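Peer 1: I need the structure of the sequence given here:
(one chain, ligands or ions: 2)
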Amino acid sequence: MAQSSPVRIAPSILAADFARLGEEVHAVAEAGADWIHVDVMDGHFVPNLTIGPGVVKALRSHCDLPFDVHLMISPVDYMLEPFADAGADIISLHPEAGPHLHRSLQTIRAMGKKSGVVLNPATPIDAIDHVMDMVDLILVMSVNPGFGGQAFIESQLDKIAALRTRIDAHVAAGGQPIDLEVDGGIDRETAPRAIAAGANVLVAGTATFRGGADAYADNIAAMRGGA
Ligand code: DX5
Ligand code: ZN
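Peer 2: Numbers count the residues shown, from 1 in each chain. Ligands and ions are numbered 1, 2, ... in the order given. You can find the predicted model right below:
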């Protein structure tokens, strides 16, 4: 089912030039990005290692856009406050990352930050059943987490559509708004399909940063489409 809220594009800095991250974040903001997606990996929960809160703090002065911090780390609770203090605006975590998802979401919200739950390709949507009233965002992984540049997993379109139905029913019943984000393998071809299924925030690493800074605005506009 299509939805009517504006489509937001969240470039994943995983595909940026890490030697020039400040410039890269500034460049995608100038090119029309809505959020900056920050992939945090610990080499344990996922088979790759990226950045910690120090990098988020360093980037904060380069960009006013919301920082959408995707934590792929386990344990996760001890890192919530450092990322909040560093300047994260939205903090998302996987239910598999710790035994107390409800508590983790409480912690994020108590710090005044927006909270998100991330569903891996094989994680059922039931994982959010009892926390629906305390999330600002649900993120559907359309690749297995750990690396950029992977192929979009088609089966996740049905999951997005099912979540769109649930979110719309939740809001219609008086619940808070919830963004529905998709992450992995998003490009000009898959973006319109994810939007048609009901996503309203698209994460894109490879497809945003392809072609260098001169191409960023066109890359972002192409994924946003006419919505
Ligand atoms: C994967 C990350 C994604 C990744 C997306 O674990 O969560 O955000 O950077 O990369 P692309 O857009 O290249 O698939
Ligand atoms: Zn991500």
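Peer 1: Need the nearest residue in space to residue 22, chain neighbours excluded.
Peer 2: Sequence neighbours aside, residue 62 is the residue nearest to residue 22 in space, at 4.2 Å (criterion: CB to CB, 6 or more residues apart in numbering). In short, each C-beta sits where N, CA and C put it, glycine included.
Peer 1: Could you check how far that neighbour is from ligand 2?
Peer 2: Distance of residue 62 to ligand 2, given as CB to the ion, to the nearest Å: 19 Å.
Peer 1: likewise residue 180?
Peer 2: In this view, residue 180 and ligand 2 are 15 Å apart by CB to the ion.
Peer 1: tell me the SS of that residue?
Peer 2: For residue 180, the assignment made with DSSP: H, G, I helix; E, B strand; the rest coil gives strand.
Peer 1: For the longest helix along the chain, buried residues please.
Peer 2: When the chain is parsed with DSSP state H, its longest helix is helix 156-172. For helix 156-172, the neighbour count (16 or more other CB atoms under 10 Å) marks 156, 157, 159, 160, 161, 162, 163, 164, 166, 167, 168, 170 as buried.
Peer 1: before we move on, what about stretch 208-216?
Peer 2: Neighbour counts over stretch 208-216 (16+ other CB under 10 Å) mark 208, 209, 213, 216 as buried.
Peer 1: my guess is residue 81 meets residue 110, correct?
Peer 2: No - counting by CB atoms under 8 Å, residue 110 is not a contact partner of residue 81; they are 10.0 Å apart.
Peer 1: that older thread, for the longest helix of the chain, packing partners?
Peer 2: Packing partners of helix 156-172 (3 or more CB pairs under 8 Å, 6 or more residues apart in numbering; DSSP states H and E): strand 137-141, strand 179-183, helix 191-197.
Peer 1: Which among those is found nearest to ligand 1?
Peer 2: Shortest distance between ligand 1 and the helices and strands packed on helix 156-172, using CB to the nearest ligand atom, is found for strand 179-183: 4.6 Å.
Peer 1: Distance of residue 33 relative to ligand 2?
Peer 2: Separation of residue 33 from ligand 2 (CB to the ion) stands at 14 Å.
Peer 1: again, but for residue 124
Peer 2: 20 Å.
Peer 1: Close to ligand 2: what parts of this protein are there?
Peer 2: 39, 70, 183 (CB under 5 Å from the ion).
Peer 1: Near ligand 1, list only the ones from these.
Peer 2: By CB under 6 Å from any ligand atom, the members of these lying near ligand 1 are 39, 70, 183.
Peer 1: for the first one, phi and psi?
Peer 2: In this case it means residue 39. phi -90, psi 120 (degrees, to the nearest 10).
Peer 1: out of everything not next to it in sequence, what's closest to it?
Peer 2: Spatial nearest neighbour of residue 39, chain neighbours left out: residue 14 (4.6 Å); criterion: CB to CB, 6+ apart.
Peer 1: how about TSV for the helices and strands packed on helix 156-172, with distance to residue 89 added?
Peer 2: Compiled in TSV, those are given as follows (distance: least, CB to CB, whole Å):
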stretch	distance to residue 89
strand 137-141	11
strand 179-183	12
helix 191-197	22
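Peer 1: now these as a markdown table including mean neighbour count and mean pLDDT?
Peer 2: Below are those laid out as a markdown table (neighbours: other CB atoms under 10 Å; pLDDT from 0 to 100):
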| stretch | mean neighbour count | mean pLDDT |
| --- | --- | --- |
| strand 137-141 | 25 | 99 |
| strand 179-183 | 26 | 99 |
| helix 191-197 | 20 | 98 |
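Peer 1: among these, which is nearest residue 7?
Peer 2: In terms of CB to CB, the element of the helices and strands packed on helix 156-172 nearest to residue 7 is helix 191-197, at 5.7 Å.
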